[in-house]
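[1] Starting from these lines, generate the structure:
(one chain, ligands or ions: 2)
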Amino acid sequence: MFDTLNSEQRAAVMAQLGPVLVKAGAGSGKTRVLTYRIAYLIDQGASSDSIVSVTFTNKAASELRTRLRDLLGKRSRGLTAGTFHAICGKLLRQHINGRIRNYTANFTIYAGDEQLQLVQQAMDGYTGRMPHDLEAPQVLNLISRFKSRMQPPTLARQMASDPVSQYAAAIYRTYQRQLERSNAVDFDDMIVLTYKLLFEHHDVLDEVQSRWAHVLVDEYQDTDSAQYALLELLSRPVAHRPRSLFAVGDAQQSIYGFRNADYTIINRFTRDFPEAQVVELLTNYRSRQEILDAAYAVMRHSVAVPALTLKAARRSPPVPALVINEAADDRAEADAIAKSIGNLLSTGRRSKDIAILYRSRHMSRGLETALRQARIPYSLKGQAGFYDRRVIRDALAFLRIIANPSDSLSMNRIINVPARGIGASTIAHLTSKAAALELPLGEALLKREAWEGLSDRASQMVSDWARKVYRWRKLASGSYPPEGLLQTVLQESGYQAMIEKDWNDPERSDALAHLEELRVAAGEHTSLVAFLQEIALLTNVEDKDERDAVQLLTIHGAKGLEWPIVYVAGLEEGTLPHERSLVEAGGVEEERRLCYVALTRAGEQLYLSHAKKRQRNQRNPSRFLDDILVYGRERAKAKAF
Ligand SMILES: Nc1ncnc2c1ncn2[C@@H]1O[C@H](COP(=O)(O)OP(=O)(O)OP(=O)(O)O)[C@@H](O)[C@H]1O
Ligand SMILES: [Mg+2]
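    Ligands and ions are numbered 1, 2, ... in the order given. This is a model prediction of the structure:
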């Protein structure tokens, strides 16, 4: 079984028990080495339930489980392979009862909005002086940073030296107390509390350590301090057994700095475990040389992380490795990509061998439309399609109640979004009145009879809302274009303002980009009904078969995966590198590594595309594209000499 490994890979797989670090560039077989290491341990007599392997994304975890099943068949039963959060969640539910404060096994996990609400409450209740201009999402980021460094509120408070950190530490204390009262944890807590559980309860630690004799971690470069502490604890030597920790990673692919991961963690491994065996892999089995050269061309300008050179093991097939395309705008780009994929499919390529990668999630919209028009099956795995996202569904609900007054579901969805004082009891009242009048909610609420029996305040709120809806419907019945209507509705409903308020949170600023993208889509239609109809068709793609479909993913989601043919869309300044990164310390460096990740997903062919206009903004080609072109010319010249 181990004959298919090269000598460095074999050295890593068969290394003596102890800490082992494999550091190597993309496609050099790190994940493969990790799976073979597991097979080797089992071969040497380890039982499968003594092995735990950790990855970062759900997708990577399921990929790892598949590889293990392929390699080991039945013997893979009993192995634990999952994300940090999945593994910690399981441990906590088993052991938290009565051990950590008042937590019980049925604790809830708070994420996103729920966290923001708690932070906001804590901020509202704060009586001291508050630093200027700080909003809940920023404060939450600071809290998350404390947690990723394993600082409890008291320590965070002691270490805080400036007013902002002092304030954040105070909010952190209240936020944490509120979580505990609600028997709830956030994602950071899952790691921190698991650590605490094991560190403070030796019975649990003993049990877990005696079960999991071997700990393996993939994508090690994206580990944060808390996760590292947990790995260190889990893998501690027991009795006569040395520390069995096996880590594989590539500093060039560290792309979770924004979540407090720190690639220097790779150096910490050999510092903390001086007895560690370190293996480097130099051969790449995924990509042909031209693709590796392009990836190197981008990484050689990296300041923080030195570029590694890799040699391709595979020979280049007689098709061009790199195709670069310039499109007039994002729509033309999507059409060009769909057309190019259509050509590939007509020559017999399978659609599952093709992936399209992009920097930001909203960019899938244009691509989805173009693929659908070209009748190319596609799938957005692990990610809701553009039209399934919450902001988009909200925005569409506004349009639907205008186009179709009978659409009660849509009316219910946004009647109180953003909050406009039409609460649940008012809605119940209106609904029963509507039933009595034999009218749909969206029509009944325009009638005075429906307001009878409401408090003055409530009927005021309803009449304000009804007046708006009426006005919008009037606009729509004229020849007002869908795009203008969308704009008006988002403004007048207060929805745009609600989203803008939170612009500095990365998730929320995604929401703004989504709304902008929806406006672009609306601009492609002259009638509201036609626009809504097209979307309905798009969201009802019967072809949900993922086995043979072009894969659409963000670059973050593509880490660790590979396809023979990869399209990277939007290689533009402001797109990749993302405009946010241009003003952040180390921002562009992280984008560079992200670009490296994108390029190294491809085996045979890489299509790089940029548009001169995106969401109606002028865009210049990405500096990374320049890096590739310049390096290509240098090499060509060198050859000519
Ligand atoms: N010795 C080998 N012989 C043949 N194929 C190999 C060998 N080693 C790795 N491969 C193949 O090369 C490809 C890349 O391997 P793998 O995904 O393990 O690399 P990786 O270092 O984990 O990449 P990434 O950094 O992108 O996560 C896979 O298709 C794998 O099966
Ligand atoms: Mg890998």
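[2] For this structure, which residue gets nearest to ligand 2?
    Thr31 (3.2 Å; Cβ to the ion). For the C-beta atoms, the positions are set from N, CA and C on the backbone; glycine is no exception.
[3] pLDDT value on the closest residue to that residue other than its chain neighbours, please?
    Closest residue in space to Thr31, ignoring its immediate chain neighbours: Asp218 at 5.7 Å, by Cβ to Cβ, 6 or more residues apart in numbering. Asp218 carries a pLDDT score of 96 in this model.
[4] Please renumber the chain so that the first residue is 26 from this point on.
    Noted, 26 is the first residue going forward, which turns the last one into Asp243.
[5] quick one, what contacts Asp243?
    55-56, 59, 78-81, 85, 89, 273-274, 585 (Cβ atoms under 8 Å, 6 or more residues apart in numbering).
[6] ditto for Leu104
    Per Cβ under 8 Å, 6+ apart, neighbours of Leu104: 63, 73-74, 76-78, 90, 93, 97.
[7] Which of the residues you listed fall within strands?
    76-78 (DSSP state E).
[8] Check which element follows the biggest helix by length in the chain along the chain.
    For the chain, the longest helix by residue count, based on DSSP state H, is helix 481-502. From helix 481-502 onward toward the C-terminus, using DSSP states H and E, the following helix or strand is helix 507-517.
[9] from what I can see Leu464 touches Leu471, true?
    No: the pair Leu464 / Leu471 is not scored as a contact, 9.0 Å apart, by Cβ atoms under 8 Å.
[10] how many neighbours does Thr199 have?
    The tally of other residues near Thr199 (other Cβ atoms under 10 Å) stands at 17.
[11] Do I have it right that it meets Ala147?
    Yes: between Thr199 and Ala147 a contact is recorded at 3.8 Å, counting by Cβ under 8 Å.
[12] Check whether Pro345 sits in a helix, strand or coil.
    coil (DSSP: H, G, I helix; E, B strand; the rest coil).
[13] ends of stretch 146-166, how far apart?
    16 Å (Cα to Cα, to the nearest Å).
[14] List the buried residues of that stretch.
    Neighbour-count burial for stretch 146-166, counted by 16 or more other Cβ atoms under 10 Å, picks out 147-148, 159-166.
[15] and those, which of them are in helices?
    Reading helices off the buried residues of stretch 146-166 with DSSP H, I get 147-148, 161-166.
[16] which among these gets closest to Arg35?
    Asn166 (43.5 Å; Cβ to Cβ).
[17] any idea how far the closest one lies from Asp355?
    Here Asn166 is placed at a distance of 30 Å from Asp355 (Cβ to Cβ, to the nearest Å).
[18] can the top strand by length along the chain be found next to ligand 1?
    Taking DSSP E as the criterion, the chain has its longest strand at strand 627-636. No: contact of strand 627-636 with ligand 1 (Cβ under 6 Å from any ligand atom) is absent, the minimum separation being 7.9 Å.
[19] quick one: the longest helix of the chain to chain centroid distance?
    Offset of helix 481-502 from its chain centre (Cα atoms, centre = their mean, to the nearest Å): 38 Å.
[20] For it, which outside residues touch it?
    423, 426-428, 430, 440, 445-448, 451, 454-455, 467, 470-471, 475-476, 479, 510, 513-514, 517-518, 553.
[21] What subset of those is buried?
    423, 426-428, 430, 440, 445, 447, 451, 454-455, 467, 470-471, 475-476, 479, 510, 513-514, 518, 553.
[22] Which ones among those residues map onto strands?
    Among these, no member lies in strands (by DSSP E).
[23] among these, which are in reach of ligand 1?
    Okay, of the buried ones among the contacts of helix 481-502, nothing touches ligand 1 (Cβ under 6 Å from any ligand atom).
[24] can you map out the helices along the stretch 426-575 of the chain?
    433-439, 449-462, 466-469, 473-476, 481-502, 507-517, 520-526, 531-548, 553-564 (DSSP state H, counting those that start in this stretch).
[25] Those into TSV, with extra columns for mean pLDDT?
    Converted to TSV, the helices of the stretch 426-575 of the chain look like this (pLDDT from 0 to 100):
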stretch	mean pLDDT
helix 433-439	85
helix 449-462	90
helix 466-469	89
helix 473-476	90
helix 481-502	93
helix 507-517	95
helix 520-526	86
helix 531-548	82
helix 553-564	76
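[26] hang on, the earlier thing: so which of the ones in strands among the contacts of Leu104 is surrounded by the most neighbours?
    Ile76 (25 neighbours).
[27] List the residues that contact it.
    63, 66-67, 104-105, 237-239, 241.
[28] Can you name the residues bridging to it?
    His239 (DSSP bridges).
[29] again, but for Ala627
    Trp588.
[30] Which parts of the stretch 26-175 of the chain are helices?
    32-38, 55-68, 83-97, 109-120, 137-149, 161-173.
[31] For ligand 1, what's the nearest residue on the stretch 476-625 of the chain?
    Nearest residue of the stretch 476-625 of the chain to ligand 1 (Cβ to the nearest ligand atom) works out as Gly585 at 4.0 Å.
[32] Backbone dihedrals for that residue, both of them.
    Dihedral pair for Gly585: phi 80, psi -10, per degrees, to the nearest 10.
[33] Isn't it up against Ala85?
    Yes: with contact defined as Cβ under 8 Å, Gly585 counts as touching Ala85 (4.7 Å).
[34] Touching both of the two, which residues are there?
    In contact with both Gly585 and Ala85: 243-244, using Cβ under 8 Å, 6+ apart.
[35] Flag every residue of the protein that's near ligand 2.
    55-56, 585 (Cβ under 5 Å from the ion).
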